[in-house]
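Colleague: no sequence for this one, just the structure:
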């Protein structure tokens, strides 16, 4: 088992076929038994990206709505949702200097 921190742009690939989707889907497969950590706000960012895909006619309304249901289920059942505050952001920026 591995812990992965995924940002929203990576996890969009779980829901919409893009370059890298196969890898993201593999690490998110429950059989792989990985932990996928995501900032809480990432759920809204993924939903926004799905909205963009709909407005670009990449997704139909029905597909978008199904993916939004999947996202809510995954957020509840599969992702390790992380609260992020300003102190954590400041520390993370400082860590990039190492």
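Modeller: Nice, thanks for sending it over. In this text, all values refer to a predicted model and were calculated from it rather than measured experimentally. Residues are numbered from 1 along each chain as shown.
Colleague: how about residue 40: what's its closest non-neighbour residue?
Modeller: residue 81 (5.0 Å; Cβ to Cβ, 6 or more residues apart in numbering). C-beta coordinates here come from the backbone N, C-alpha and C atoms, glycine included.
Colleague: can you show me the helices along this structure?
Modeller: 8-15, 21-28, 41-55, 61-77, 86-95 (DSSP state H).
Colleague: what's the most buried one of those?
Modeller: Mean neighbour count (mean count of other Cβ atoms under 10 Å) peaks for helix 8-15 among the helices of the chain, with a mean of 20.
Colleague: show me what that helix is packed against.
Modeller: Where contact means 3 or more Cβ pairs under 8 Å, 6 or more residues apart in numbering; DSSP states H and E, helix 8-15 is packed against helix 21-28, strand 35-39, helix 41-55, helix 61-77.
Colleague: how about 7 Å then?
Modeller: helix 21-28, helix 41-55, helix 61-77 (3 or more Cβ pairs under 7 Å, 6 or more residues apart in numbering; DSSP states H and E).
Colleague: now the longest one and helix 41-55, what's the angle there?
Modeller: When you say that, I think you mean helix 61-77. Between helix 61-77 and helix 41-55, the angle comes out at 170 degrees (axes from the mean of the first three to the mean of the last three Cα atoms, to 10 degrees).
Colleague: swap in the shortest one?
Modeller: Here helix 21-28 runs at an angle of 150 degrees relative to helix 41-55 (the same axes, to 10 degrees).
Colleague: and helix 21-28, what does it pack against?
Modeller: Of the remaining helices and strands, those touching helix 21-28 by 3+ Cβ pairs under 7 Å, 6+ apart are helix 8-15.
Colleague: quick one: contacts of the helix it packs on?
Modeller: 20-21, 24-25, 28, 38, 42, 45-46, 49-50, 67, 70-71 (Cβ atoms under 7 Å, 6 or more residues apart in numbering).
Colleague: from residue 74, how far off is the nearest residue in space to residue 3 that is not next to it in sequence?
Modeller: With Cβ to Cβ, 6+ apart as the criterion, residue 3 has its nearest non-adjacent residue at 4.4 Å, and that residue is residue 35. The gap separating residue 35 from residue 74 is 13 Å, by Cβ to Cβ, to the nearest Å.
Colleague: thanks again, I'm all set now.
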